[in-house]
Structure formats: structure tokens, C-alpha cells
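# need the 3D shape of this:
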Amino acid sequence: MSSTKNNWPGVTLIDHPLVQVKLTQMRDAAAGTQVFRSRLTQAATLMVAEVTRDLSTRPCVVRTPMADHTGAALARPLIIAPIMRAGLGLMEGMLHLLPDAGVAHIGMFRNEETLRPETYYFKAPANLAEADVLVVDPMLATGWSATAAIGQLKERGAKSLRFVCLLSCAQGLEQLRAAHPDVPVFTAAIDPELNAKGYIVPGLGDAGDRYFGTVG
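This next block holds a predicted model:
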């Protein structure tokens, strides 16, 4: 899988053709819940290889049908931390390739007046400090939800974190990178701007509503 380093330090733009095709299909306003949901899950699965490319491994001995073989196992446990609701779609796709990963749930909703996140739920495995944590949300718009979620994970001991999204924009990247410069960001697209309501343009609308069929 290919990726492109861009002008944003600490940000990896995943430009794999299949990821871009899935994303384009999701952007289409005519795509119904079934199409949107399946493409989000598929895109997340495709992105996993790039997001985890440089994870540390340790030697692991297995017995093949012929002889012992020293291969590799992950050196640290993995935890996927979706920002609910929409992050659950990315989590589902990632678990296809990371079935042993733990899951931390971070429930947030956006106050439509202040555009700031409000937390209503947090539950995480006890081994945050020993794990590589993938914080996932389809959209990085204002950046405030990602900033708050990562802050909560750090407060509870997480030290090795990565943020994964399908869509981002300059405002969100600026906010997140300023608040957490130690957290690398992986995204499939950097769109030009936010509108007055804090939605990415051209974007794909509200990812949570489209994934769960609650549009309108």
C-alpha cells in the first residue's frame, strides 16, 4: 500500500487507489446507508496496513509442519479507540485485520452552538499505558473532538497513540497537531475548508447519520 507524505509534519496521506475509490463512493449523496456503511468498513480495513506499518514486533517461535520457525508477533497490545458514534464504523473494518485488539469506547456529541465536544461515556481497557492506541473517527473537522478524546486517553495513561480518519481539513489538522504534536495522523484526504456549521467541504456530510441511517 502506498502513502504520500505531504506538507503537514506528522501527517500521512494514504493515497491507495482502492481507498480513494471507496471514499469517492461514500461522498456521493445518492449512496444509501448500505453502500455508505460497507464502503466505510472496507476503507478502514484497507487503511490498517499503512496505519500499523511501523509497529514494533518481537521474535515468536512456531512449529511448522517441517520445523521450528522464528517469526514475529506484535511487541505491544493494540487498542482501537473509536469516537462514537461514527468511529464505530472504522473500528469494525479495522477489527477484520486486528481481531485480537482491545476496544476503548469514547462517547461524544458536538454542541451545535459552540461546535465543541461534550463527553457522555468513556470506557477503556486497563492496559492503555502498555498498548499502541489507534484513535479513530471518520472526520477530522474542527479537531476538537479528536483533541479531547486523545487528552482523555492520555489522562488515563496512554502513551503511544495514533489518530486515524478518512477525511480531514486544514483547520482540524492545525488544532490537533498543535494540541498533540506527538500523535501522528493518518488520513485519506485533506479537504479545503469547513462551512459555517463546522462541516468539511466538499466532505461527505454527517458520517454518523449516514452510517446509522439517521439522516433527516
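# and the strands in the protein?
For the chain, the strands defined by DSSP state E occupy 4-5, 11-13, 57-63, 68-74, 78-84, 102-103, 105-110, 117-123, 132-136, 139-140, 160-169, 185-191, 193-194, 200-201.
# nearest to residue 91, of those strands?
With C-beta to C-beta as the criterion, residue 91 lies closest to strand 78-84 of the strands of the chain, at 4.2 Å. For every residue, glycine as well, the C-beta is placed using N, CA and C.
# residue 170: what's it in contact with?
Contact partners of residue 170, counting by C-beta atoms under 8 Å, 6 or more residues apart in numbering, are 190, 192-193.
# ok, back up a step: so which of the strands of the chain is nearest residue 207?
Evaluated over the strands of the chain, closeness to residue 207 peaks at strand 139-140, with 5.4 Å, by C-beta to C-beta.
# out of the strands of the chain, which is closest to residue 147?
For those, distance to residue 147 was read as C-beta to C-beta. The smallest value, 8.4 Å, belongs to strand 117-123.
# ok and the closest one relative to strand 78-84, angle-wise?
Orientation of strand 117-123 against strand 78-84 (axes from the mean of the first three to the mean of the last three C-alpha atoms, to 10 degrees) gives an angle of 140 degrees.
# for strand 117-123, which helices and strands make contact with it?
Strand 117-123 sits against strand 105-110, helix 144-155, with contacts defined as 3 or more C-beta pairs under 8 Å, 6 or more residues apart in numbering; DSSP states H and E.
# paired strands for the shortest one, with orientation please.
Each strand pairing with strand 105-110, determined using DSSP bridges, is listed with its direction: strand 78-84 (parallel), strand 117-123 (antiparallel).
# hey, least reliable of those strands by pLDDT?
Here these differ in mean pLDDT, and the lowest is strand 117-123 at a mean of 88.
# what stretches of this structure score poorly on pLDDT?
For the chain, applying pLDDT under 70 flags the ranges 1-6, 115, 216.
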